[in-house]
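J.: After the sequence you'll find the predicted model.
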Amino acid sequence: LSLSTNQITLADGKFTTAIARSRTLKTLNLSNNQIGDEGAKWLAAALKDNDTLQEVNLGFNNIGDKGARILADSFTVNQSLRKVWLNGNKIHDKGAQKLASCLVCNYVINEIDLDANRLRRDGKRNVKAMKKFIAKRNQVIARKDEKSRDEIASLKEYVKQLESEIASLKNSRQNKRRRTENGP
């Protein structure tokens, strides 16, 4: 279903109720609308209940970090989505980090597109780590052998390590900025 470029906000919850109840909808294109963080909240609630939607395009919808965090929480529950487009929104590093970390609980999502957002160095690292994680996870799932569970646990630890490294880099950069501001 393509509803691209229709000034849709999803803010009233009527359409999202239909999404939640749908048992046939597989693809939903809501790109180039005005969903924003408020509409993302309504959509996220619907995604928690929907078990048929496989692809959702939310590109160019003024979704920020708040909307990204809310959507990421719904992705930990939804086990049918395979592809999510969030390109061209207003997502910063914190939103990208939340989206990357949701993949630890979701083994189905194969692609999250975050191109053309407001990512800085840490956000770009999160996206790169997310893509690596998805690739490794898919390799493990494809093999379907006895080692899979151990490897998935190892991947979860890998994500925690990446999150820790990003937090450390962020703290280091903040300390450096403080020293520069305070002078010698």
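T.: Yes, it's here.
J.: Show me where the protein has its helices.
T.: Per DSSP state H, the chain carries helices over the ranges 14-21, 36-49, 65-77, 93-102, 121-143, 148-182.
J.: So which of these is the most surrounded?
T.: helix 93-102 (a mean of 23; mean count of other CB atoms under 10 Å). The way it works is simple: take the backbone N, C-alpha and C, and place the C-beta from them, glycine included.
J.: tell me the contacts of V104?
T.: If a contact means CB atoms under 8 Å, 6 or more residues apart in numbering, then V104 has 155-156, 159 as its contacts.
J.: returning to that earlier point: export the helices of the chain to TSV and tack on mean pLDDT?
T.: As requested, those are arranged in TSV below (pLDDT from 0 to 100):
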stretch	mean pLDDT
helix 14-21	89
helix 36-49	95
helix 65-77	96
helix 93-102	87
helix 121-143	75
helix 148-182	75
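J.: Generate JSON lines for the ones you listed, with distance to K83 as supplementary columns.
T.: Formatted as JSON lines, those follow (distance: least, CB to CB, whole Å):
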{"stretch": "helix 14-21", "distance to K83": "16"}
{"stretch": "helix 36-49", "distance to K83": "13"}
{"stretch": "helix 65-77", "distance to K83": "12"}
{"stretch": "helix 93-102", "distance to K83": "13"}
{"stretch": "helix 121-143", "distance to K83": "11"}
{"stretch": "helix 148-182", "distance to K83": "20"}
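J.: out of these, which comes closest to V56?
T.: helix 36-49 (7.7 Å; CB to CB).
J.: how far is the closest one from where the chain is centred?
T.: The offset between the C-alpha centroid of helix 36-49 and the centroid of the whole chain comes to 13 Å, using CA atoms, centre = their mean, to the nearest Å.
J.: and that helix with helix 14-21, angle?
T.: Inter-element angle recorded for helix 36-49 and helix 14-21: 20 degrees (by axes from the mean of the first three to the mean of the last three CA atoms, to 10 degrees).
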